[in-house]
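Undergrad: Build me a model from this:
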Amino acid sequence: MARVHRTCNGVNVTVQLRGPNVRTDIKISLQEKRHCLLKFGQGNAKLAPWVTTFSLPAGHSCPFAKDCRSSADRETGRITDGPDTEFRCYKASEEARYRTSRESGWHNFDLLRERKTTGELADLILASLPLGTPFVRIHTGGDFFSQRVRRVAT
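TA: Sure, this is the predicted structure:
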């Protein structure tokens, strides 16, 4: 009897052997692990195509926003402005228009929040980066988890 369980680290297989000549071969493809890697974009209208971009969901991941505090609902994309919003966050507007932008930001947010240590975060980021990435524009919407991280990155 064999039991297979998918995880972000690959596939766990439990095999109970009965009989003298039992052999099990397991192949793990990158396709199976894709859901466990961060999603990166390539360039945009203002950036060269070789610049890799990284995003998190607008408003939900920038706790210190005030004048531009807006967020798109994770499921519907409907925008909610913060109490002090003077102008709407462009990233929230993008997420409202483009479901794929909203989904990739939440995908990244969820994967990062699952990590418990900076070592786990670093391992995830390095495993996810496209090969040959020369530059990464992080947090295209200006979103950071904390003031401390923001100071280090700028």
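
Undergrad: Can you tell me, leaving aside adjacent residues, what's nearest to residue 125?
TA: The shortest distance from residue 125 to any non-neighbouring residue, by CB to CB, 6 or more residues apart in numbering, is to residue 38 (6.6 Å). Where you see a C-beta, it was placed from the backbone N, CA and C, and this is true even at glycine.

Undergrad: With residue 81 instead?
TA: Spatial nearest neighbour of residue 81, chain neighbours left out: residue 70 (5.0 Å); criterion: CB to CB, 6+ apart.

Undergrad: try residue 138
TA: residue 54 (5.0 Å).

Undergrad: where along this structure do the helices fall?
TA: Assigned by DSSP state H, the chain shows helices spanning 30-33, 90-97, 99-114, 118-128, 147-153.

Undergrad: Looking at these, spot the one closest to residue 63.
TA: Proximity to residue 63 (CB to CB) singles out helix 147-153 among the helices of the chain, at 8.7 Å.

Undergrad: what mean pLDDT does that closest one have?
TA: The average of the pLDDT scores along helix 147-153 is 53.

Undergrad: Return the helix or strand in this protein with minimum mean pLDDT.
TA: None of the helices or strands of the chain scores lower by mean pLDDT, DSSP states H and E than strand 2-7, at a mean of 44.

Undergrad: still on that earlier bit, show the contacting residues for the residue nearest to residue 138.
TA: Contacts for residue 54 (CB atoms under 8 Å, 6 or more residues apart in numbering) come out as 38, 40, 41, 108, 136, 137, 138, 139, 140.

Undergrad: Who are the contact partners of the nearest residue in space to the fourth one that is not next to it in sequence?
TA: Distance criterion CB to CB, 6+ apart; nearest residue to residue 108, sequence neighbours excluded, is residue 38 at 5.1 Å. For residue 38, the contacting residues are 54, 107, 108, 111, 112, 124, 125, 128, taking CB under 8 Å, 6+ apart as the criterion.
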